[in-house]
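Visitor: give the three-dimensional model of this entry:
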Amino acid sequence: MEKFFKLKENNTDVRTEVIAGLTTFMTMAYILAVNPSILSASGMDPQAIMIATALASFIGTCAMALLANYPFALAPGLGLNAYFAYTVCGAMGYSWQFALFAVFVEGLIFIILSVTSVREAIFNAIPITLKKGVSVGIGLFVAFIGLQNGSIVVNSDATLVTIVNFREDFTNVGICALLAIIGTLIIAVLHYKEVKGSILIGVIATWILGIICELTGLYTGEISVLPHWSNFNLAALGLTFGQCFTGAAFENFRVLDFIVIMFSFLFVDVFDTIGTLIGCANKADMLDKDGKLPRIKEALLADAIATSAGAVLGTSTTTTFVESSAGVSEGGRTGLSSIVTGLMFLLAIFLSPLFIAIPGFATAPALIFVGFLMITAVVDIDFKDITEAVPAYLALVAMPILYSISDGIAVGIISYVIINACAGKAKKVSPLMYVLAVLFVLKYIFL
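Guide: I've put the predicted structure just below:
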């Protein structure tokens, strides 16, 4: 392991990497329950989706470890799965087989872009200050997801979001929010005391408190936090495996619609992945002095392979997960961490009731605290230079508000180009940044 993953060179050890891998998995395990819930709206079998989700995550995460030696984990992405189920298969009326074929083709294009260094060039073209803003924005985005998963932040008709009313329905959302807050404080105290695995300990401690609350009647939510074993059928995968190549994928096939759908998947996937890599790599101090990520081509290739593999298995676009930052915060620095996460996804196929039982309020503290760790990059932004600071600011604000990493990057790139061009600093902007700005504008017009 030392020879392959270069642990000493990356100032880490096996124990740290294992804890980091487990932490990343614990914060991502919710996708095993959420993805089937969303994609099943398209008519797919929920158990087949769960198995495909776990296998795609295993393949993608291990590919990241073996090709790039980075502690980043992959799984079917949120947002794109909703677009898959509710827009492509819902509003547009296409079959889920058609949608899977679009994802498969998108993955192939992704592979070509990765091999030809196009995606690497995009990553390197983004200015270092904007990358810092993206990292902070992802931190805010992650924290916002944690606040929602923990039921601390809820929907509001008047202000869109607001703090939960603890007294109203206390044994449901109220107790969940309280436990999420307690879990966050546990992690903060353990982190201050430099306890290894503080985030993982916090997640498990919060889950145990949730179990105690359910057994004593303090928690009466619809979803039990206790594992419930049920019949498991591995053969269910056959209901989705390879279905993207069947006749159903080409019924009522309209070329123009297919191109629009495929490029929608491609656009979001490209910039979600780039944004996540920027944020996690920045947190782990993996970017060099020029803001470039070594072995970026291999990392992007692993992501692309996972997308096409996931489509064949029967799930929407597989992408690098922002929750990887939880493992990075625990000290994960090599692919060994990813191998651990990948193996946990493989194990999850057979122990799915155990992992699906991990409630959102238990993983919420990890996301909230990781958000805090990631926003520390804000001190590296030069706020005296408006041409650099404002685009970074707009990107970091847009991500949590628009609930999208790719849209945050789009806002940052477009504003960076316009502000610098109008300020007489057009020459410092790379040609590729102009191209990206135009493409993003066209995306919002036509997609």
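Visitor: for the stretch 301-447 of the chain, what spans make up the helices?
Guide: Listed in chain order, the helices of the stretch 301-447 of the chain (DSSP state H, counting those that start in this stretch) span 324-329, 335-350, 352-356, 360-374, 386-402, 405-422, 431-446.
Visitor: export these as CSV, with columns for distance to residue 162.
Guide: Just so you know, the C-beta spots here come from the backbone N, C-alpha and C atoms, and that holds for glycine as well. Below are those laid out as CSV (distance: least, CB to CB, whole Å):
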stretch, distance to residue 162
helix 324-329, 26
helix 335-350, 34
helix 352-356, 29
helix 360-374, 17
helix 386-402, 15
helix 405-422, 23
helix 431-446, 29
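Visitor: against residue 410, how distant is residue 269?
Guide: Distance from residue 269 to residue 410, counting by CB to CB, to the nearest Å: 14 Å.
Visitor: so these two - more neighbours on which side?
Guide: residue 269 (26 against 23; other CB atoms under 10 Å).
Visitor: what about the helix or strand where that one lies, distance to the chain center?
Guide: Following DSSP states H and E, one finds residue 269 within helix 255-283. Remark: helix 255-283 is offset 12 Å from the chain centroid, using CA atoms, centre = their mean, to the nearest Å.
Visitor: do stretch 30-48 as well
Guide: Taking mean C-alpha positions (CA atoms, centre = their mean), stretch 30-48 and its chain are 17 Å apart.
Visitor: and stretch 289-308, by the same measure?
Guide: The answer for stretch 289-308 is 15 Å, by CA atoms, centre = their mean.
Visitor: which sections of the chain are below the confidence cut-off?
Guide: 229-232, 356, 447 (pLDDT under 70).
Visitor: what residue spans form the domains of it?
Guide: Following automatic domain parsing, the chain resolves into domains at 9-377, 378-446.
Visitor: just put those in a markdown table and tack on distance to residue 2.
Guide: Formatted as a markdown table, the domains of the chain follow (distance: least, CB to CB, whole Å):
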| stretch | distance to residue 2 |
| --- | --- |
| domain 9-377 | 9 |
| domain 378-446 | 32 |
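Visitor: which one of those domains lies nearest to residue 1?
Guide: Smallest distance to residue 1 across the domains of the chain (CB to CB): 6.1 Å, for domain 9-377.
Visitor: and that closest one, end to end?
Guide: 24 Å (CA to CA, to the nearest Å).
Visitor: swap in stretch 207-223?
Guide: Per CA to CA, the first residue of stretch 207-223 is 13 Å away from its last.
Visitor: stretch 124-131 too?
Guide: 10 Å.
Visitor: likewise stretch 121-137?
Guide: By CA to CA, one end of stretch 121-137 lies 22 Å from the other end.
Visitor: name the stretch among the helices of the stretch 301-447 of the chain that sits most buried.
Guide: Of all those, helix 324-329 has the most neighbours on average by mean count of other CB atoms under 10 Å, namely a mean of 30.
Visitor: quick one, what contacts the closest residue to residue 299 other than its chain neighbours?
Guide: Using CB to CB, 6 or more residues apart in numbering and skipping the chain neighbours, the partner closest in space to residue 299 is residue 68 (4.1 Å). Counting by CB atoms under 8 Å, 6 or more residues apart in numbering, residue 68 touches 295, 298-299, 301-302, 335.
Visitor: which of these count as buried?
Guide: 298-299, 301-302, 335 (16 or more other CB atoms under 10 Å).
Visitor: what is the most widely separated pair among those?
Guide: 301 and 335 (13.7 Å).
Visitor: residues contacting the residue nearest the centre of the chain?
Guide: Centroid-nearest residue in the chain, with CA atoms, centre = their mean: residue 321, separated by 2.7 Å. With contact taken as CB under 8 Å, 6+ apart, residue 321 is in contact with 24, 28, 31, 72-75, 77, 276.
Visitor: among those residues, which are located in helices?
Guide: Mapping the contacts of residue 321 onto helices (DSSP state H) picks out 24, 28, 31, 276.
Visitor: check the gap between residue 329 and residue 120 for me.
Guide: From residue 329 to residue 120 the distance is 26 Å (CB to CB).
Visitor: revised request: answer the last question for residue 8.
Guide: Taking CB to CB, one finds residue 8 at 27 Å from residue 120.
Visitor: neighbour count: the two, which is higher?
Guide: Using other CB under 10 Å, the more surrounded residue of residue 8 and residue 120 is residue 120, with 22 against 9.
Visitor: which elements pack onto the helix or strand hosting the more buried one?
Guide: Assigned by DSSP H and E, residue 120 falls within helix 118-125. When contacts are defined as 3 or more CB pairs under 8 Å, 6 or more residues apart in numbering; DSSP states H and E, helix 118-125 sits against helix 96-115, helix 255-283, helix 296-313, helix 431-446.
Visitor: shouldn't residue 399 be in contact with residue 133?
Guide: No: checked against CB atoms under 8 Å, the pair residue 399 and residue 133 is beyond contact range at 9.3 Å.
Visitor: sorry, back to before: closest to residue 14 out of the buried ones among the contacts of residue 68?
Guide: residue 335 (12.5 Å).
Visitor: so how many other residues sit close to the closest residue to that closest one other than its chain neighbours?
Guide: Nearest non-adjacent residue to residue 335, counting by CB to CB, 6+ apart: residue 65, 3.1 Å away. A count of nearby residues for residue 65, using other CB under 10 Å, gives 26.
Visitor: how much space between residue 65 and residue 195?
Guide: Taking CB to CB, one finds residue 65 at 26 Å from residue 195.
Visitor: got it, and residue 431?
Guide: Taking CB to CB, one finds residue 431 at 49 Å from residue 195.
Visitor: and for residue 342?
Guide: 26 Å.
Visitor: ok, residue 29 next?
Guide: For residue 29, the distance to residue 195 - CB to CB - is 22 Å.
Visitor: between the two, which is the more surrounded one?
Guide: residue 29 (26 against 13).
Visitor: where does that one fall, phi/psi-wise?
Guide: phi -60, psi -20 (degrees, to the nearest 10).
Visitor: who are the contact partners of the nearest residue to residue 330 once chain neighbours are set aside?
Guide: Leaving aside its sequence neighbours, residue 330 sits nearest to residue 20 (CB to CB, 6+ apart; 4.3 Å). Shown in contact with residue 20 (CB under 8 Å, 6+ apart): 71, 327-328, 330-333, 337, 340.
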